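Peer 1: could you work out the structure for the sequence below:
(2 chains)
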There are 2 protein chains.
Amino acid sequence: MAKELKDLTKRADNYSQWYNDLVVKADLAEQSAVRGCMVIKPYGYAIWEKMQQQLDRMFKETGHQNAYFPLLIPKSFLSREAEHVEGFAKECAVVTHHRLKNDPAGNGVIVDPEAKLEEELIIRPTSETIIWNTYRNWIHSYRDLPILVNQWANVMRWEMRTRMFLRTAEFLWQEGHTAHATYDEAMEEAVKMLNVYADFAEKYMAVPVIKGVKSANERFAGAIETFTIEAMMQDGKALQSGTSHFLGQNFAKAFDVTFVNKENKPEYVWATSWGVSTRLMGALIMTHSDDNGLVLPPHLAPIQVVIVPIYKNSDQLAEISKTVLPIVDQLKSMGISVKYDDAENRRPGFKFADYELKGVPVRLAIGARDIENGTVEVMRRDTLEKSEQKLEGIAGYVADLLEKIQQNIFDKALKHRQSMTRTVETYDEFKTEIEKGGFILAHWDGTPETEEKIKEETKATIRCIPLDGDKTPGVCMVTGKPSKQRVIFARNY
Amino acid sequence: MAKELKDLTKRADNYSQWYNDLVVKADLAEQSAVRGCMVIKPYGYAIWEKMQQQLDRMFKETGHQNAYFPLLIPKSFLSREAEHVEGFAKECAVVTHHRLKNDPAGNGVIVDPEAKLEEELIIRPTSETIIWNTYRNWIHSYRDLPILVNQWANVMRWEMRTRMFLRTAEFLWQEGHTAHATYDEAMEEAVKMLNVYADFAEKYMAVPVIKGVKSANERFAGAIETFTIEAMMQDGKALQSGTSHFLGQNFAKAFDVTFVNKENKPEYVWATSWGVSTRLMGALIMTHSDDNGLVLPPHLAPIQVVIVPIYKNSDQLAEISKTVLPIVDQLKSMGISVKYDDAENRRPGFKFADYELKGVPVRLAIGARDIENGTVEVMRRDTLEKSEQKLEGIAGYVADLLEKIQQNIFDKALKHRQSMTRTVETYDEFKTEIEKGGFILAHWDGTPETEEKIKEETKATIRCIPLDGDKTPGVCMVTGKPSKQRVIFARNY
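Peer 2: Numbering: from 1, shown residues only, chains lettered A, B, ... in the order given. Coordinates of the predicted model:
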């Protein structure tokens, strides 16, 4: 473990390599034998499960139900919505055959040419098409609306450059697909789910986010409006962390989904879709972690507290355990997940380094002398500070500390974002500032052409048009044309 | 709703049609636009989620962790284990290309011939191959063992004849894949998970099962021993409901996974795998339901209790609600999921029929006169019996009733199975009895040839060699050769 820690690249040396190292060394994920696809290891999956549980609860509290739609989508479905096909149908996994057979030459198995599908099937890159094709039969009258459905699923996009969690060919996500009787109701839903995502990011992941609207260039293929939460990583780059789309009647028109409204007239159905993915794991890692390893927010840590006994012999261990086990029970009864690591085959120093690498928020170390003194050593992972605390009332102390850590890492990330967010007036100033990383607030004339020019010249894109904050109009830094409000530019993952 | 109920085929008329009708009418699932793939609708998915939660808890209590492995498997991996490829590699979805492009002729999109994969990828029919290829890097020493991993995932098998939940091209399941240092430990794990499945089936699904070992003909492709739980449906046919495989060192050898044992010698790793799928939904439906619709076991019902107010005007409704809402709170505080259906756009009779169709275990109906009398009408779904109960203490009564229903439907299913299980001595007797359905206990000489002959002549297979019960030896009903014990024959799903 000491060796593994030593091998972890420092952020200052190579941020990107630090991230890749950490994902592997903290046992979160690894590359698989299939190009661009990762294996999510048990520890990484346990964090994802915590995210899922929380999000699923929030979806259900807002009236949504889960369902499951097919993995495969007929090729022709993708062509129905003109913009959608441009955005999604190009780089995807295509199923063309349904059988293998023994190679007559004796080399394993080959594709059976006689088992060619009449129509190719695509592994879903997102499910609007298959779902709206299904909704056509579910919706007849306004009484059938709204439909508030979510799906937890795997999806595939044949990305050229992949990075674990951030951009993988296959990833896990949830996709909500809702159907409504009115524009207003669908718009309200899209905004509601944006707020659910923002709440989740800030309260559970401890990742501060900016809520905003995407420019046309960055909009979801087929959406009228894409709402987004944007987070800033430690290296100053932006990470789009969740999107909620107001789809208007585009998919209803493409799949002929109409309903009879209260006035007894047929009308196309209004739609939203919204999703977050295992990409959130990347946001979590890159927001809080340090050169010693992961720093996990207590609200999502699979192990919130680890207790390591320091002992010379089995009598001492027995004595320590007698004190520790009631504390373990007490913490558990408070809903805190705790691990008492009394394994004999690893020395305390190894355990310490391992749990630091794994980002366990609070570590208690307790030896024979502590028992005598009624004390325990407490280490908090976020600041690495150690302190001696009284054993009496330790469970309450730990519960408070977990909340403090949760708040502290959020505050730290927020402060970092604030310190790396600047306002610029001129394009020259912009070009200088964007090199330093972070978010740049600048005026833009609202055209795709200007955004494209900025992207080509500086590699920065508009992350969002913020919903909150300063709405003062101005003039575009590039063209001098009128601008309604400042927008956020950044380089991004 | 009344109409929908009327449309439900009676079991006696056409059991198979009754099942298909029920799956659709109770809003559990429907066929999708993709051949053999179903859409699992919210109500059906809610039952599956309940199953998942319970199973997941049981897996974790037995020391397992979840992880996630790639959806796609390189074609060459399937050929590594000789028997495995025969069993699984044939009917499967093959990904050959990774890009579509606009059709120059203007007809939507076509497969881009330039985006042909070097090696075809198969959508996982099961994940032994990709997982054991991964485990090779995880396992070096006996200290790395055991690995106790489970995956919740979708899989595809290109089945020719599909039926919703029972046999679909894509289905949802969990697959456990464990790695062990010794034969004994792996065998113990395989049996342990068989017992977890049997407990789950009996205590949560209220489906009695027989635990047994598969004959060689029915064994998982690549396994040394396949353990199974077999249930009997109402029509007397068997449904294999879960399997646990002792894989020996087959996959370790195929993927070269060795470890250094305590004696410092290299050795191949021992393996198990085990899975249950959305097929359990089929078992659940076909074991308990009746001509009025679903009958759900209280332990898995998404709604355990529905309360329907009977009122003439909004004053009456307000009065009833004043009494009902505290009962709702009380039931919820007892962990019982309850729905108070005060919707005004559906009459009580419609609601009654709908909740019967959906299998809600307990229905309370309460009107103005009930409030005066301090009573409530209670209907239990399993027997359709109505009774008048006192409002005072109703929550406790309902909690007891739910447990009674759970026990009653299990007892009923067990009695049915017992009544349709017979012992035969001669093959002639067997041929007569198998036509009547049910399980036939008969002696068999242990050879695949004899089993094959019986299957060809009677369409019955050996469901399992039971682990419990009578072990008296005898002579094979077909060949007269020695038989170690009676085995269970049945026609099956």
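Peer 1: what about A:S141, neighbour count?
Peer 2: Summarising burial for A:S141: neighbours were counted as other Cβ atoms under 10 Å in any protein chain shown, giving 12. All C-beta atoms are positioned from the backbone trio N, CA, C, and that covers glycine.
Peer 1: bridging residues for it?
Peer 2: A:V260 (DSSP bridges).
Peer 1: wait, it sits on A:T258?
Peer 2: No: using Cβ atoms under 8 Å, A:S141 makes no contact with A:T258, being 10.2 Å away.
Peer 1: would you mark the buried spots in the host helix or strand of A:V85?
Peer 2: According to DSSP states H and E, A:V85 maps onto helix A:82-88. Buried residues in helix A:82-88, counted by 16 or more other Cβ atoms under 10 Å in any protein chain shown: A:H84, A:V85, A:G87, A:F88.
Peer 1: any low-confidence regions in chain A?
Peer 2: A:1-6, A:89 (pLDDT under 70).
Peer 1: identify the single longest helix in it, thanks.
Peer 2: helix A:394-419 (DSSP state H).
Peer 1: and the helix or strand just after that one, what does it pack against?
Peer 2: Using DSSP H and E, the next helix or strand after helix A:394-419 towards the C-terminus is strand A:421-423. With contacts defined as 3 or more Cβ pairs under 8 Å, 6 or more residues apart in numbering or on different chains; DSSP states H and E, strand A:421-423 has these neighbours: strand A:439-443.
Peer 1: next, A:T134: phi, psi?
Peer 2: phi -80, psi -40 (degrees, to the nearest 10).
Peer 1: leaving out sequence neighbours, find the closest residue to it.
Peer 2: B:V39 (5.5 Å; Cβ to Cβ, 6 or more residues apart in numbering or on different chains).
Peer 1: so that neighbour sits in a strand?
Peer 2: Yes: assigned with DSSP: H, G, I helix; E, B strand; the rest coil, B:V39 falls within a strand.
Peer 1: quick check: it vs B:E61, distance?
Peer 2: 32 Å (Cβ to Cβ, to the nearest Å).
Peer 1: what about stretch A:308-319, distance to the chain center?
Peer 2: 41 Å (Cα atoms, centre = their mean, to the nearest Å).
Peer 1: who's in contact with A:G359?
Peer 2: A:A26, A:H288, A:S289, A:G293, A:L294, A:V295, A:L296, A:A301, A:R381 (Cβ atoms under 8 Å, 6 or more residues apart in numbering or on different chains).
Peer 1: same question, A:M334
Peer 2: A:M334 touches A:A395, A:A399, counting by Cβ under 8 Å, 6+ apart.
Peer 1: what about it, distance to A:P298?
Peer 2: A:M334 is 12 Å from A:P298, by Cβ to Cβ.
Peer 1: A:K262 - nearest residue in space that isn't next to it in sequence?
Peer 2: In space, A:K262 is closest to A:Y142, 5.5 Å off (Cβ to Cβ, 6+ apart).
Peer 1: now for the one you found, how many residues are close by?
Peer 2: A:Y142, neighbours per other Cβ under 10 Å, totals 18.
Peer 1: wait, what's in contact with it?
Peer 2: Contacts of A:Y142 (Cβ under 8 Å, 6+ apart): A:A181, A:F259, A:V260, A:N261, A:K262.
Peer 1: now do 10 Å
Peer 2: Applying Cβ atoms under 10 Å, 6 or more residues apart in numbering or on different chains, one finds that A:Y142 lies in contact with A:H180, A:A181, A:T182, A:F259, A:V260, A:N261, A:K262, A:E263, A:N264, A:E267, A:V269.
Peer 1: what do you get for A:D199?
Peer 2: Neighbours of A:D199 in contact, by Cβ under 10 Å, 6+ apart: A:Q54, A:M58, A:V209, A:I229.
Peer 1: restricted to buried residues, select those in PyMOL.
Peer 2: Here is the PyMOL command that selects the buried residues among the contacts of A:D199 (16+ other Cβ under 10 Å):
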select buried, chain A and resi 54+58+209+229
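Peer 1: so which of the contacts of A:D199 are in helices?
Peer 2: Judged by DSSP H, the contacts of A:D199 include A:Q54, A:M58 as members of helices.
Peer 1: which SSE is immediately downstream of the helix or strand hosting A:A283?
Peer 2: Using DSSP H and E, A:A283 maps to helix A:279-288. Where DSSP H and E defines the elements, the next helix or strand beyond helix A:279-288 is strand A:305-310.
Peer 1: tell me the strands beside that next one, with direction?
Peer 2: Strand pairing (DSSP bridges) places strand A:305-310 next to strand A:338-340 (parallel), strand A:362-367 (parallel).
Peer 1: now the first one: buried residues?
Peer 2: In this case it means strand A:338-340. A:V338, A:Y340.
Peer 1: is chain B contacted by whatever helix or strand comes next after that strand?
Peer 2: Using DSSP H and E, the helix or strand that follows strand A:338-340 towards the C-terminus is helix A:348-357. No: applying Cβ under 10 Å from any Cβ of the partner chain, one finds helix A:348-357 separated from chain B by no less than 12.9 Å.
Peer 1: buried sites along helix A:348-357?
Peer 2: In helix A:348-357, counting by 16+ other Cβ under 10 Å, buried: A:K351, A:F352, A:A353, A:D354, A:Y355, A:E356, A:L357.
Peer 1: show me which of the contacts of A:G359 is closest to B:N14.
Peer 2: Of all the contacts of A:G359, B:N14 sits closest to A:A301, with 54.5 Å by Cβ to Cβ.
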